[in-house]
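Chemist: using only what follows, build the 3D model:
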Amino acid sequence: MTKIPFGNSKFQIENFIANEHTPERAVRMILLQVDKKKLALSECMFRRKEQDINRRELQKKLKKAKGFAKERQELELEKIDQYKEREDKLVDDCLAELAVYKDLLSKLPEVNREQFEDAELGYWTKRLISDANREVQQSGRIEKGTLESLEKIGFVPRKNEKGQLMIVKADDIKLVT
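Modeler: Numbers count the residues shown, from 1 in each chain. Model prediction:
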């Protein structure tokens, strides 16, 4: 159980979580995951401190307990110990994931808010065109929501001379009057 990750594998992180259309979006996705993992580790630390207090309190009460009360307290101690073992596994997985994220971040450019915002048009263009291509392959048409999103960022569908569907910048269309 300790040798197989219960969290995300390195392959999964590299290919499905941090594999975005632009480096700026990859950095963002990695940072979101790092934040989530750090929060989980922080919550774990507080839970462990609380469980340590509970354990010491139960051990003290156990010295005076008799009968069913003693059995319940022993059971509670057993639960605390068993939960700690499972949590140790999850902490190890979390730390392994954080190491992968750290490595991936070291290979990506540092990005500030302005750079991120400047790259958004490129990201959404690539993503929506990719979505449109998949939709055409699956159903032979582009879904309404994808078309609306493309139009919002300045793209429109058009057919070329061969009748093939193309996505073009609305600015590039010349109206014939």
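
Chemist: which SSE is I167 in?
Modeler: strand 165-169 (DSSP states H and E).

Chemist: from the contact counts, what lies against that strand?
Modeler: Packing partners of strand 165-169 (3 or more CB pairs under 8 Å, 6 or more residues apart in numbering; DSSP states H and E): helix 113-139, strand 155-159. All C-beta atoms are positioned from the backbone trio N, CA, C, and that covers glycine.

Chemist: and these, which one's lowest on average pLDDT?
Modeler: Note on the helices and strands packed on strand 165-169: strand 155-159 shows the lowest mean pLDDT, a mean of 85.

Chemist: who touches it?
Modeler: Residues from elsewhere that reach strand 155-159, judged by CB atoms under 8 Å, 6 or more residues apart in numbering: 125, 128-129, 132, 142, 147, 150, 165-170, 173.

Chemist: what residue ranges in the chain score low on pLDDT?
Modeler: Within the chain, the ranges that satisfy pLDDT under 70 run 172-177.

Chemist: roughly how far apart are the nearest residue to E20 once chain neighbours are set aside and L75?
Modeler: Computed as CB to CB, 6 or more residues apart in numbering, the closest residue to E20 that is not its neighbour in sequence is A26, at 4.3 Å. Look at A26 and L75: by CB to CB, to the nearest Å, they are 47 Å apart.

Chemist: looking at the two, which has the bigger crowd around it?
Modeler: For A26 versus L75, the count of surrounding residues by other CB atoms under 10 Å is larger for A26: 21 against 11.

Chemist: three-state assignment of the more buried one?
Modeler: Secondary structure assignment for A26 (DSSP: H, G, I helix; E, B strand; the rest coil): helix.

Chemist: residue nearest the centroid of the chain?
Modeler: The centroid of the chain falls nearest to Q33 when counting by CA atoms, centre = their mean (4.9 Å).

Chemist: wait, what's in contact with that residue?
Modeler: By CB under 8 Å, 6+ apart, the contact list for Q33 reads I13, I17, A18, E97, Y101.

Chemist: all helices for this structure, in order.
Modeler: Applying DSSP state H to the chain gives helices spanning 10-12, 23-62, 67-106, 113-139, 144-152.
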